[in-house]
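Engineer: The sequence and its predicted three-dimensional model are supplied below.
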Amino acid sequence: MIVADTAALISLASVDLLDTLLTEFEVATTETVIDELDATSAYDDTHGHAAQTVLDNTAQITVRHVDGTLASSRIDEGEGSCALLCNDLDAAFLITDDLRALPELQTAVDAQVAISPIVLKALVTRQVLDRQTALEKLDQLAEQRSWLGQPIYRRAQKLFGE
């Protein structure tokens, strides 16, 4: 099981990989993330459209309420709710695109915490995507999410040995 936060879901939907994600993996998220997606979907831009795509597919996502909070100066409410859900479900992965929160999230959950491009790598490993297509999706993601030249893009490229 993969637990995904708002940013990760938007990232994957923005490069037309949400259907593939939901077909290949069991995905869960929280009501808090759904609320964040709803707020983001009000924007008439790439992120808003991607958020709406996720909302249109919630029937294929396990959406749960979590009790309590796990927030800090680095972990926002959505990420924290996903960490709590991750522990509740004994999930294998927590997917986020917040590099600042990643180390603290890793100490809060037993699951592996990773950035959304790990899904691209997993899809290549499963032979659902070829490596070239995955790299093209990564470049598209970097452009749409303003990752070019950023640490998250460099980390994502390392997943593919780039």
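Structural biologist: Thanks, I have the structure now. Residues are numbered from 1 along each chain as shown.

Engineer: pLDDT below threshold where in this protein?
Structural biologist: The model of the chain has pLDDT under 70 over residues 162.

Engineer: go with 80
Structural biologist: 69, 71, 162 (pLDDT under 80).

Engineer: For it, which segments count as helices?
Structural biologist: With DSSP state H as the criterion, the chain has helices at 6-14, 18-24, 31-40, 46-56, 77-89, 102-108, 117-125, 131-144, 151-159.

Engineer: Next one: the residue nearest the centre of the chain from Leu37, what distance?
Structural biologist: Geometric centre of the chain, nearest residue: Ala8, 2.0 Å, by C-alpha atoms, centre = their mean. Plainly put, Ala8 is 11 Å away from Leu37 if you go by C-beta to C-beta, to the nearest Å. C-betas here are computed from N, CA, C, even on glycine.

Engineer: ok, now Pro103?
Structural biologist: On the measure of C-beta to C-beta, Pro103 and Leu37 end up 25 Å apart.

Engineer: got it, and Gln150?
Structural biologist: From Gln150 to Leu37 the distance is 23 Å (C-beta to C-beta).

Engineer: Comparing those two, which shows the higher neighbour count?
Structural biologist: Leu37 (24 against 13; other C-beta atoms under 10 Å).

Engineer: Is that one in contact with Val54, as I believe?
Structural biologist: Yes - with contacts counted by C-beta atoms under 8 Å, Leu37 reaches Val54, the gap being 5.4 Å.

Engineer: what do these two both touch?
Structural biologist: Leu9, Ile10 (C-beta atoms under 8 Å, 6 or more residues apart in numbering).

Engineer: thinking again about what came up before, wait, the residue nearest to the centre of the chain sits on Leu102?
Structural biologist: No - in this structure Ala8 lies outside contact range of Leu102 using C-beta under 8 Å: 11.3 Å.

Engineer: who touches both of these two?
Structural biologist: With C-beta under 8 Å, 6+ apart, Ala8 and Leu102 have common neighbours Thr96, Ile115.

Engineer: And Ala101, its phi and psi?
Structural biologist: Dihedral pair for Ala101: phi -80, psi -20, per degrees, to the nearest 10.

Engineer: what about stretch 85-94, how long is it end to end?
Structural biologist: 9 Å (C-alpha to C-alpha, to the nearest Å).
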